[in-house]
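In: one predicted model, sequence on top.
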Protein chains: 2
Amino acid sequence: MTKDIDQLSINTIKTLAVDSVSAANSGHPGAPLALATLAHAIFQKTKFTPNHPKWPNRDRFVLSNGHACALLYSILFLYGFDYTLDDLKNFRQLNSKTPGHPETPHCPGVEVTTGPLGQGIANAVGIALAQKQFAATYNKPDYPIADARTFCIVGDGCLMEGISSEASSLAGHLQLGNLTVFWDSNKISIDGSTDLAFTEDVPERYRAYGWHVIDVDEENPSLSTLSKAIDEASKVTDKPTFVKIKTTIGIGSEQAGTAAVHGAPLKPDDVKHLKKAIGFDPEQSFVVPSEVTDYFKKSVESKDKQYVEWQKLFKDYSHHYPELAEEINRREDGRLPPDWERFLPSYKPSDKAAATRKLSETVLGALTPVIPELIGGAADLTPSTLTRTQNAVDFQPPSTGLGDYSGRYIRFGVREHAMGAMMNGIAAFGSNFKVFGGTFLNFVSYAAGAVRLSAISQLPIIWVGTHDSVGLGEDGPTHQPIETLAHLRAIPNLSVWRPADGNEVSAAYKAAISSVSTPHVLALTRQGVPHLEGSSIEKASKGGYVLVEAQDPDIILVSSGSEVSIAVEAAKLLGKNGTRARVVSMPSFFAFDQQSEKYRFSVLPDGVPILSIEVMSPFGWSNYSHVQFGVSRFGFSAKYTDIYDYLEFTPEGISSRANKTIDFYKGSKLLSPLSKPFYPQSFDLFTHGR
Amino acid sequence: MTKDIDQLSINTIKTLAVDSVSAANSGHPGAPLALATLAHAIFQKTKFTPNHPKWPNRDRFVLSNGHACALLYSILFLYGFDYTLDDLKNFRQLNSKTPGHPETPHCPGVEVTTGPLGQGIANAVGIALAQKQFAATYNKPDYPIADARTFCIVGDGCLMEGISSEASSLAGHLQLGNLTVFWDSNKISIDGSTDLAFTEDVPERYRAYGWHVIDVDEENPSLSTLSKAIDEASKVTDKPTFVKIKTTIGIGSEQAGTAAVHGAPLKPDDVKHLKKAIGFDPEQSFVVPSEVTDYFKKSVESKDKQYVEWQKLFKDYSHHYPELAEEINRREDGRLPPDWERFLPSYKPSDKAAATRKLSETVLGALTPVIPELIGGAADLTPSTLTRTQNAVDFQPPSTGLGDYSGRYIRFGVREHAMGAMMNGIAAFGSNFKVFGGTFLNFVSYAAGAVRLSAISQLPIIWVGTHDSVGLGEDGPTHQPIETLAHLRAIPNLSVWRPADGNEVSAAYKAAISSVSTPHVLALTRQGVPHLEGSSIEKASKGGYVLVEAQDPDIILVSSGSEVSIAVEAAKLLGKNGTRARVVSMPSFFAFDQQSEKYRFSVLPDGVPILSIEVMSPFGWSNYSHVQFGVSRFGFSAKYTDIYDYLEFTPEGISSRANKTIDFYKGSKLLSPLSKPFYPQSFDLFTHGR
């Protein structure tokens, strides 16, 4: 009987998914049909409850082949997550709960946004890492309050993407025994057979990464076979497990096993054929047999029991370890430690000049002891990004003797894309994790696919992007960002900071660490910069502010980062000739855009020509300036001072352009570049995600 | 004696590299010391000559760990490529021939720009592919005019990057027997020991990819050992070969085997210690013993003989196969087939509306038979990008039965980053290859690291980026570009085209295929667009032009791609109320910026308010418009018509914003946004690369 109700449940999942795709007349029916049994097995075996969807000790499930989301929505609906049948019927419709790829935070029960291939498995590695770090930090003898696991399904496409190789290699090194990945090997991708481009021996590759590999013989394996594989994986605790499953895409359809069932609805007759074959009424859609409703209701009751048991365990734990329990509760509430902000360093102009990457190191050094949920690392550039603080412990398998699982410094290796997606996974795990990743700003581009998903998913992760301009010097144009900030600033819900001195670095971290739903990129210098007269954490927190005031200015110089102090010198030079220049420091467009209109116009008013100065692509600066002094070519391999001189990013080069700008606009009634007849489009410019 | 002169040559290479780094007081001495013997072995065994550096049948060498470039410059100097000792002394100085990472086309004898890790090995896979395709196309019995091989050195960092996994998996599938990759396994990366993050079994991974693997036991192997490995690799013709070599980074230095010798000059005493140990005068720098000069002179003489023999072979070939020889000569001269442009389709407004991706398919169908050097493929999105033309033959190992090596359609698999870097390699091979790669525009971001190197290296490759906006519809925000065009347009020497109709698609391909030193990205729609009254290939080739004229216009609407036809409807709507609107179609900022000032101002003159319309981030449009109507949020999963309506990208939504814009500027004397006191910086805005 159990078997029958299981099969009926699986068939219900299949028909709901197929009906969703047919109703939308768009979507991917093939994978849901092939994977319904596996999904049912995983959801049966895992710890979660729709009644407490944010339970920190729940097992996590990631559908890396996100195009199969009709499967996910169907099973989440049956388990009683916040979906109705109408939501399934509105699959892929405007502002529905059931978009074409699963998104967080908008889809109940979905752990991470997937669809862009390879991201999900890298997210899963990050989630598993976070689970291990949380467990090693808080578990106590007899109190295994954190013992959850992560399960992930990947398709062929995910495994072709380099990001999955990066994340899988690192997961093997880190011996993440709490991670199980199922490979849906259906031999079909969009172009046709995987024989066209993907003929490597994947299980051998995963063995080479140090994973435990289960190669399931049975084609389209049964529920019991899959349940056994899950049990075997759960017994292997010192290695991640990779399970190869051979499936037939679109099984049950007349076009089963072909690319035709991948990305297009089944033909109406085919749907009928499929339903008939599994004993469903071919004329009806979105049918849920009452036994199935009852079955999932009972399943949730038993899962709720697991939750109640955990609550009891945590209650006892709280008696024995009140401080730790309070810390966990604080983190689960999303509250940072009280007064953490007072540990942010502030500076006076007399303080020693320093590179902003060095000032970032100081901030991390001050906050790491204070904020236990602050975790991070670098992509094999630790000595350059200065992201590792004194006395930091590496997150490493204890057996390596290089650290332990309670460590908060992650050696990502030269794997920027996986680092970005793993940061997304760590943030998605929750428990208020504040995660940072360091690399050269130029190489954040390697992770562009993950960066935009941080912003879509509203995950407040932090990129520490050092060597942020041609100022990196001798390494040359291959390492010097030109377009990078234009790229990042154009991403909705991504806050880019390019601080000019110590107070602005503290302001950048203040914004990044207190962020709840916006990722941040900090662009930091390799070269030293002075601490500026007139800067403060409070002023810089507004994103843009008047650094040097001038009575009734002839021109406003607006700049960011390492160019601000040069602009200040230029203003002095102009002053010598009786030209009055206001200097505005603009560390963050994003933060500035969120200030009141009154404030923004007080900084960049009508009637004064505004010249922006930034030693990279001027693209986008015309939102804040009338004239842009930037760099529209690639950089140079040379001492950075030679490069700045050659590009004329000097007080003289700036002041001469300031004079040209003043002459150019002499007599014309200038509007502030902020002054527009309407927002760039009909939505709030600052919409976060959706 | 041979051995002695070899050792003396190797030691000379080492000391020149170390002296270069010391002179710059910046750079990477560790790898050159460890790899001098290997580089000497490879250059001894390979076919090339400094007297004919562009010999198409030369063997290619790629230094994927580009930071070791002091090694490369030293050996190229000794072989008589266009470097002087002063060039080595100017290592890492402004505008020298010897930048901090090797760059093309600026560094003589350097095949590809490397430094960003993982790119070089993927370039090498592309070069090897091009060699095989060229050979299969032109070789004849008894006339092996193309039999060159590709050799590549990679470090640990390259092998951690996902791009190398993507390229290596594909190289294995394609059975590129002409490719040999040497892994410099020195167990050291910037963070320290590779035990920190990179403990996988790399040779096993390469076996899983289908490579022949040679695991050299000997530590810091001798020249003869390495020569034998090269010979063994050359015998394996049905698989790429991966050679693992265990080296000691900075061998000979007192800090050998530590991360300290990776990225910083040796201490002066250490340099002396090193020179003394190998019999060089510790007090002298940049010394080249005369025997070494003689040795390399003789080596070049024998290499020149190989070139002369090849010339003789090609002369005979030309007699027997005059048409093929003429074609080869044409390609080597960089001349496209005469009259190729007349095969570009042109359209009338009465022609059937079509998606620009479909119109792209028509162009590729027309040009593929005409241009034998046109080659390309897609990242497993062939049915979506429509990049495969009728009767196309896949580039596949004949043994697979799926195609052959003369095939011109490449199945890249879901590997965008490797596709980008392989396109760079195919273009770098030369012979006028025009290579395209198709994927969704949004996923060009996965390849951002390779895209900027196309532009730096001045490689005229072509991205076919379809589904170019929220207009892709149901797949939703994870697949819909918002920031993508801002990112790409901000890259120097990258020409982005977003054509609005058939004639503009032809213009885009005309620009892309005739390009010599600028890569192109074509942004193409999923949805249908009408053929526009007033468009033509000639007009569109200017990048921006007046599509709909209006006498003494009240406003100019400037737009691109799928929004242009909506802007035309908006202009009609405005006309009904007596408002005169000019419509400008702007398919390419890059092409428009290259037109004369007179022309540009004739399109976007002073005195008229200009409203830009593009259904993505407005970032950057303010260079061409006073007001921007764009999208500053992520997209939606829905029918594209619902999305356009919701975002108000409709004739009504545009005309209402046009009226607001006219009212806003009423009475004010407006300058054209093109009107600036100076170029964004002191260099020509359109500098290509450097």
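Out: That came through fine.
In: would you mind listing what in the stretch 51-200 of chain A touches chain B?
Out: A:66, A:92-96, A:99-101, A:103, A:113-118, A:156-158, A:160-166, A:169-170, A:172-173, A:189-191, A:195-200 (C-beta under 8 Å from any C-beta of the partner chain). The C-beta positions use only the backbone N, C-alpha and C, and glycine is treated the same way.
In: give me the contacts around stretch A:337-353.
Out: A:330, A:359, A:362-363, A:366-367, A:370-372, A:501-503, A:506, A:509-510, A:513-514, A:528-533, A:535-537 (C-beta atoms under 8 Å, 6 or more residues apart in numbering or on different chains).
In: pull out the buried positions in that stretch.
Out: Neighbour counts using 16 or more other C-beta atoms under 10 Å in any protein chain shown place A:337, A:340-341, A:343-345, A:347 of stretch A:337-353 among the buried residues.
In: now, which of these sits nearest B:D593?
Out: Nearest to B:D593, judged by C-beta to C-beta, of those is A:Y347 at 41.9 Å.
In: show me the contacts for the residue found closest to the closest one once you drop the neighbours it is linked to in the chain.
Out: Spatially, and ignoring its direct neighbours in sequence, A:Y347 is nearest to A:G502 (3.6 Å; C-beta to C-beta, 6 or more residues apart in numbering or on different chains). A:G502 is in contact with A:345-347, A:351, A:354, A:356, A:359, A:362, A:531, counting by C-beta under 8 Å, 6+ apart.
In: measure A:G502 to A:K352 for me?
Out: From A:G502 over to A:K352 the distance is 10 Å, taken as C-beta to C-beta, to the nearest Å.
In: cool, A:T650 as well?
Out: 23 Å.
In: ok, now A:F81?
Out: Relative to A:K352, and taking C-beta to C-beta, A:F81 is found at 55 Å.
In: with A:F134 instead?
Out: Taking C-beta to C-beta, one finds A:F134 at 39 Å from A:K352.
In: cool, A:M419 as well?
Out: 31 Å.
In: now check stretch A:403-420, is it near chain B?
Out: Yes: Stretch A:403-420 reaches chain B (C-beta under 8 Å from any C-beta) through A:411-418.
In: can you put those in TSV and add pLDDT?
Out: Converted to TSV, the residues of stretch A:403-420 next to chain B look like this (pLDDT from 0 to 100):
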residue	pLDDT
A:R411	98
A:F412	98
A:G413	98
A:V414	98
A:R415	98
A:E416	98
A:H417	98
A:A418	98
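In: out of everything not next to it in sequence, what's closest to the residue of chain A found nearest chain B?
Out: Closest contact between chain A and chain B, by C-beta to the nearest C-beta, is at A:G162 (2.2 Å). Nearest in space to A:G162, with sequence neighbours left out and distances taken as C-beta to C-beta, 6+ apart, is B:G162 at 2.2 Å.
In: then A:H520?
Out: A:A512 (3.8 Å).
In: re the thing from before, which of the residues of the stretch 51-200 of chain A next to chain B count as buried?
Out: Counted by 16+ other C-beta under 10 Å, those give A:66, A:92-93, A:96, A:99-101, A:103, A:113-118, A:156-158, A:160-166, A:169-170, A:172-173, A:189-191, A:196-200 as buried.
In: was I right to think A:Y307 contacts A:P50?
Out: No: counting by C-beta atoms under 8 Å, A:Y307 does not reach A:P50; the two are 10.5 Å apart.
In: my guess is A:V603 contacts A:S585, does it?
Out: No: counting by C-beta under 8 Å, A:V603 stays clear of A:S585, with 9.8 Å between them.
In: any residues in contact with both of those two?
Out: A:544-545.
In: most widely separated two among the contacts of A:G502?
Out: Maximum distance among these (C-beta to C-beta): 14.5 Å, for A:S346 and A:T356.
In: make sure A:L611 is indeed in a strand.
Out: Yes: counting by DSSP: H, G, I helix; E, B strand; the rest coil, A:L611 is found in a strand.
In: for the residue nearest the centre of chain A, what are its contacts?
Out: Residue closest to the mean C-alpha point of chain A, counted by C-alpha atoms, centre = their mean, is A:S454 at 2.8 Å. Counting by C-beta under 8 Å, 6+ apart, A:S454 makes contact with A:420, A:423-424, A:427, A:461, A:494, A:519.
In: can you tell me the element it falls in?
Out: helix A:448-456 (DSSP states H and E).
In: so A:T104 belongs to a helix, correct?
Out: No: checked against three-state DSSP, A:T104 lies outside a helix; its state is coil.
In: quick one, phi psi at it?
Out: phi -110, psi 150 (degrees, to the nearest 10).
In: enumerate every residue touching it.
Out: Going by C-beta under 8 Å, 6+ apart, the list of residues near A:T104 reads A:110-113, A:428, A:457-458.
In: in helices, which of these appear?
Out: Here DSSP state H is the test, and the contacts of A:T104 give A:A428 as lying in helices.
In: make TSV out of the contacts of A:T104 and add pLDDT.
Out: Output for these, formatted as TSV (pLDDT from 0 to 100):
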residue	pLDDT
A:V110	98
A:E111	98
A:V112	98
A:T113	98
A:A428	98
A:S457	98
A:Q458	97
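In: of the contacts of A:T104, closest to B:L472?
Out: A:T113 (16.6 Å).
In: what's the domain layout of chain A?
Out: Split into domains by automatic domain parsing, chain A comes to A:5-301, A:340-529, A:544-665.
In: and those: which comes nearest B:V608?
Out: That would be domain A:544-665 among the domains of chain A, by C-beta to C-beta, at 18.0 Å.
In: just name whatever secondary elements the lengthiest helix in chain A is in contact with.
Out: In chain A, with assignment by DSSP H, the single longest helix is helix A:290-320. Helix A:290-320 is packed against helix A:2-24, helix A:69-78, helix A:322-332, with contacts defined by 3 or more C-beta pairs under 8 Å, 6 or more residues apart in numbering or on different chains; DSSP states H and E.
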